[in-house]
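Trainee: Give me a 3D structure for the following:
(one chain, ligands or ions: 3)
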Amino acid sequence: MTEVIRSAEALREKVSGWKRAGALVGVVPTMGALHDGHLSLARAARSQSDRVIVTIFVNPMQFNNADDLAKYPRDEAHDLALLEADGVDVLFAPGPEEVYPGGFASKVTVAGISAPMEGAFRPGHFDGVATVVTKLFGMTQAGRAFFGEKDWQQLQVVRRLVRDLNIPIHIIGCPTIREEDGLAMSSRNVRLTAAERAVAPALHQAMQRAAEAIRAGAPVAEALETARSQVLAAGFAAVEYLDLRGAETLEPLEAHTAPVRLLAAATLGAVRLIDNIEV
Ligand SMILES: Nc1ncnc2c1ncn2[C@@H]1O[C@H](COP(=O)(O)OP(=O)(O)OP(=O)(O)O)[C@@H](O)[C@H]1O
Ligand SMILES: CC(C)(CO)[C@@H](O)C(=O)[O-]
Ligand code: BAL
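Mentor: Ligands and ions are numbered 1, 2, ... in the order given. Just a heads-up that it's a prediction; the model follows:
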């Protein structure tokens, strides 16, 4: 039975009881509209913790685009059924006023690593993520938190945050779960039309070809430019970035020196897709 908790106080009471009994608590922060990517995180949490909390909160502070926030898919009843089936102990689903009560005035900024890519195209996004993640860590008092590699830059920002602020939690990154045609699972995929859904895997395919070319010694700038052209030719409206960067520093790299990561964001119709792969 998955218990739904909406207040920070009730959650604190529940978790304090678990901790008194010596339980290791794992948390999976999400924005809901759950898919197999999220469930893989819940299963990792289940196997690496004694108690599992999944949080669902569509965090207004990390949305730079009001339309994106308004159209973000929400289906709590369906999400709860999936979490029940996976043996999650608690669904923590606070309302906005519980997370940001009147008078709320704080903001957590992780400089440097938050600036490029998602940070550049979604101004303020990572301040919103860092602030809410800090709050969720405080509210859940979890010892382990599970994040998907699909949001690679977010994972690096959260790792930096936890180191910088001495937050007593262990961050565990989990591999990206994909559809059979390679498209990274994402809650926003449901907003693709059938025609756009057919085009969507072209992003991952172009990235894979670029990674292969770079591994084989092709000039990096040329391989990246070819990939950008392939994505546009497939029917994407724009490529916001398609970059090779230091996997942890996220600094731009002209040449291939390990460990590096290929990261991209591109728009398809009204939907913005992101992806990243190891090179
Ligand atoms: N395909 C996936 N594989 C593994 N983890 C994922 C995948 N998609 C999302 N996650 C992870 O789930 C957690 C919650 O993400 P979120 O709720 O934003 O889902 P999402 O599908 O990425 O939604 P969207 O990209 O539309 O915001 C994050 O740690 C994210 O990295
Ligand atoms: C980590 C997160 C739940 C914070 O709102 C969100 O950015 C997400 O779903 O990846
Ligand atoms: N990338 C994680 C959630 C979001 O898109 O705002």
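Trainee: Which residues are in contact with whichever residue of the stretch 151-279 of the chain sits closest to ligand 2?
Mentor: Going by CB to the nearest ligand atom, ligand 2 is nearest to residue 151 of the stretch 151-279 of the chain, at 5.0 Å. Glycine gets a C-beta too; all of them are placed from N, C-alpha and C. By CB atoms under 8 Å, 6 or more residues apart in numbering, the residues touching residue 151 are residue 274.
Trainee: Which per-residue confidence value corresponds to it?
Mentor: pLDDT, residue 151: 98.
Trainee: How much space separates the residue in the chain that ligand 3 sits nearest to from residue 93?
Mentor: Going by CB to the nearest ligand atom, ligand 3 is nearest to residue 151 of the chain, at 4.4 Å. As judged by CB to CB, to the nearest Å, residue 151 and residue 93 stand 20 Å apart.
Trainee: And for residue 28?
Mentor: Taking CB to CB, one finds residue 28 at 13 Å from residue 93.
Trainee: swap in residue 158?
Mentor: Noted for residue 158: a distance of 20 Å to residue 93, by CB to CB.
Trainee: okay, the two: which has more neighbours?
Mentor: Neighbours were counted for residue 158 and for residue 93 using other CB atoms under 10 Å; residue 158 has more, 25 against 19.
Trainee: what pLDDT does that one get?
Mentor: 98.
Trainee: Just the element for it, please.
Mentor: Using DSSP states H and E, residue 158 sits within helix 152-164.
Trainee: who does whichever helix or strand comes after that helix pair up with?
Mentor: The C-terminal neighbour of helix 152-164 among helices and strands, as given by DSSP H and E, is strand 170-174. Using DSSP bridges, the strands paired with strand 170-174 are strand 144-148 (parallel).
Trainee: and the protein, which of its residues are near ligand 2?
Mentor: By CB under 6 Å from any ligand atom, the residues of the chain that approach ligand 2 are 29, 30, 31, 59, 62, 129, 132, 133, 151, 154.
Trainee: JSON lines for those, including distance to residue 86 and secondary structure?
Mentor: What follows is those, written out as JSON lines (distance: CB to CB, whole Å; DSSP: H, G, I helix; E, B strand; the rest coil):
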{"residue": "29", "distance to residue 86": "16", "secondary structure": "strand"}
{"residue": "30", "distance to residue 86": "13", "secondary structure": "strand"}
{"residue": "31", "distance to residue 86": "18", "secondary structure": "coil"}
{"residue": "59", "distance to residue 86": "23", "secondary structure": "coil"}
{"residue": "62", "distance to residue 86": "25", "secondary structure": "helix"}
{"residue": "129", "distance to residue 86": "24", "secondary structure": "helix"}
{"residue": "132", "distance to residue 86": "23", "secondary structure": "helix"}
{"residue": "133", "distance to residue 86": "22", "secondary structure": "helix"}
{"residue": "151", "distance to residue 86": "21", "secondary structure": "helix"}
{"residue": "154", "distance to residue 86": "22", "secondary structure": "helix"}
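Trainee: can you narrow those to ones near ligand 1?
Mentor: Contacts with ligand 1 are made by 30, 31, 151 out of the residues of the chain next to ligand 2, judged by CB under 6 Å from any ligand atom.
Trainee: so what's the second one up against?
Mentor: This points to residue 31. 56, 57, 58, 59, 72, 187.
Trainee: Among those residues, which ones are in strands?
Mentor: Those of those mapping onto strands are residue 56, per DSSP state E.
Trainee: What's the local residue count around residue 205?
Mentor: Neighbourhood size, residue 205 [other CB under 10 Å]: 16.
Trainee: doesn't residue 182 make contact with it?
Mentor: Yes - under the criterion of CB atoms under 8 Å, residue 205 makes contact with residue 182 at 6.3 Å.
Trainee: Can you pull up the most central residue in the chain?
Mentor: With distances taken as CA atoms, centre = their mean, the residue of the chain nearest its centroid is residue 151 (3.9 Å).
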